[in-house]
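1. model the following, please.
(one chain, ligands or ions: 1)
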Amino acid sequence: MGDARGGSWLSGLGARAAGSMALPLREYVEHGAGAGVTAGEAAAGWGRLRLRPHVLRDVTSVDPTVELLGCSSRVPWGVAPTSLQRAVHPDGELATARASAAAGAVMVVSSNAGSTFDDIAATGVTWWLQVYLPSDRTLAGPLLDRAVAAGATAVVLTVDTPVVATWHPSEALIWDLADPAWTRVNFDPGYDDQPGSEKALDLGPHDIDWLRERTGLPVVVKGVLRGDDARRCVQAGAAGVWVSTHGGRQLDRSLSTAAALPEVRRAVGADAEVYVDGGVRSGLDVVTALAAGADAVFVGRPVLHALVEGEAGVARWHAALLTETVEALRLAGCRTPADTRDLLADDADEGP
Ligand code: FNR
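-> Numbering: from 1, shown residues only. I've put the predicted structure just below:
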């Protein structure tokens, strides 16, 4: 995709989208918490890792398919949960879902989605529900039931948000301007007025087991950056651990996910799947993340940038990432994502 001298369609995506978003929306999408250290270092983290490619291997036929929680995904990436998609494009989550269904990619649907689970499911996409648990866990029941009934195949529990980190927009906060129909359409009316509906400050490993029992679905824990926490998740019954800094939107000065991933993979071994997000912008980033131990990567902001152009934009994004990923796999002498497992160079060989 694109021209080796002039940069690819993917690398120019964010800048092009920025020009099409009103300032409060752009600030909402792009911001990092605090001084923006973690948000700013995410993409560079992948560029610091170094690969040892194989040669003299037949890479005529490359198959990027991966198996995620027992379901086949035609590509080794999925769409990370992001809210306010209907503020980016009127079709919102439905455009993302249609394009992701066509690409054969998993979509993780934010609990703050602006489209109903039924409508998202009707696109045929394989989708997982993302949740934050409230102080009173029983209040999550109706949302979970709706997702299960609509065919979610996994639940992603976001654990890095006991509180929403402060940030300081220069403009009005998009949430104050947002149409209520753009978000929280899958909650009961009046949900937020109920005592106990605020985010839980006391999440623990038992919540993983509770969620699994309550939904009958595999649970993925999103927001893990340490091997010891990853082990606790797996011991509590998690089917997957998702290395994430929430796009640098929670604890600023958290290390990059590229730096955290190898330790988490080592701690989990083959006992659960490991995913990663944060700063993945190119096919080479995808292959680097696979080499560093991820079973799949997830992508947040670039999907929103592509969504400015609706379903066609997200379809083009998937296609461009596939082209780049296949190229990077071939250059690394790999026919499949599993072949990348021995590519990562030792620490001593890593870049500066
Ligand atoms: C997010 N993210 C997020 N995560 C989550 O668990 N639930 C949510 O509702 C949201 N909402 C959200 C909105 C926006 C605008 C952004 C940018 C991010 C975090 C998201 O799932 C993911 O972890 C990061 O976006 C990954 O980093 P990149 O790909 O944006 O660099």
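2. which residue ranges of the stretch 101-250 of the chain form helices?
-> With DSSP state H, counting those that start in this stretch, the ranges of helices along the stretch 101-250 of the chain come out as 117-121, 141-150, 174-177, 205-215, 227-235.
3. the ligand is nearest to which of those?
-> With C-beta to the nearest ligand atom as the criterion, the ligand lies closest to helix 174-177 of the helices of the stretch 101-250 of the chain, at 9.0 Å. From N, CA and C alone the C-beta is placed, and that goes for glycine too.
4. you'd agree Leu251 is up against Ala39?
-> No: assessed by C-beta atoms under 8 Å, Leu251 is found out of contact with Ala39, at 11.2 Å.
5. ramachandran angles for Glu41?
-> For Glu41, the backbone dihedrals are phi -90, psi -10 (criterion: degrees, to the nearest 10).
6. contacts only, for the closest residue in space to it that isn't next to it in sequence.
-> Leaving aside its sequence neighbours, Glu41 sits nearest to Ser256 (C-beta to C-beta, 6 or more residues apart in numbering; 5.1 Å). Contacts for Ser256 (C-beta atoms under 8 Å, 6 or more residues apart in numbering) come out as 38, 41-42, 44-45, 245, 278-279.
7. for these, pick the one with the most neighbours.
-> Ranked by the number of neighbours (other C-beta atoms under 10 Å), the contacts of Ser256 place Gly278 first, at 31 neighbours.
8. list phi and psi for that residue.
-> phi 110, psi 100.
9. can you check the pLDDT for it?
-> With respect to pLDDT, Gly278 has a value of 98.
10. residues in contact with Ala230?
-> For Ala230, the contact set (C-beta under 8 Å, 6+ apart) comprises 224, 241, 264, 267-268, 274.
11. shared neighbours of Leu251 and Ala39, anything?
-> In contact with both Leu251 and Ala39: 33, 245, using C-beta under 8 Å, 6+ apart.
12. tell me which of those two has more neighbours.
-> Neighbours per residue (other C-beta under 10 Å) separate Leu251 from Ala39, with Ala39 holding more: 24 against 16.
13. element containing that one?
-> helix 37-48 (DSSP states H and E).
14. any idea which helix or strand comes after that helix?
-> Next element after helix 37-48 (DSSP H and E): strand 66-68.
15. for that next one, list every residue counted as buried.
-> Buried residues in strand 66-68, counted by 16 or more other C-beta atoms under 10 Å: 66, 68.
16. number the chain from 450, please
-> In the new numbering, first residue 450, that becomes strand 515-517.
17. so what strands line up beside that strand?
-> strand 520-522 (antiparallel) (DSSP bridges).
18. does anything pack onto the helix or strand following the partner strand? Which helices or strands?
-> Using DSSP H and E, the next helix or strand after strand 520-522 towards the C-terminus is strand 526-528. Based on contacts counted as 3 or more C-beta pairs under 8 Å, 6 or more residues apart in numbering; DSSP states H and E, the elements that strand 526-528 packs against are helix 541-552, strand 556-558, strand 745-748.
19. could you see whether the ligand lies near strand 526-528?
-> No: Strand 526-528 stays out of contact with the ligand when judged by C-beta under 6 Å from any ligand atom, the minimum separation being 8.9 Å.
20. just the CA atoms of the following helix or strand past that strand, as PDB, please.
-> Using DSSP H and E, the helix or strand that follows strand 526-528 in sequence is helix 534-537. What follows is helix 534-537, C-alpha atoms only, in PDB (Å, rounded to 0.1, in the frame of the first residue of the first chain):
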ATOM      1  CA  GLN A 534     -18.600   6.300  17.100                       C
ATOM      2  CA  ARG A 535     -21.900   7.900  16.100                       C
ATOM      3  CA  ALA A 536     -20.300  11.300  16.800                       C
ATOM      4  CA  VAL A 537     -17.600  10.400  14.200                       C
END
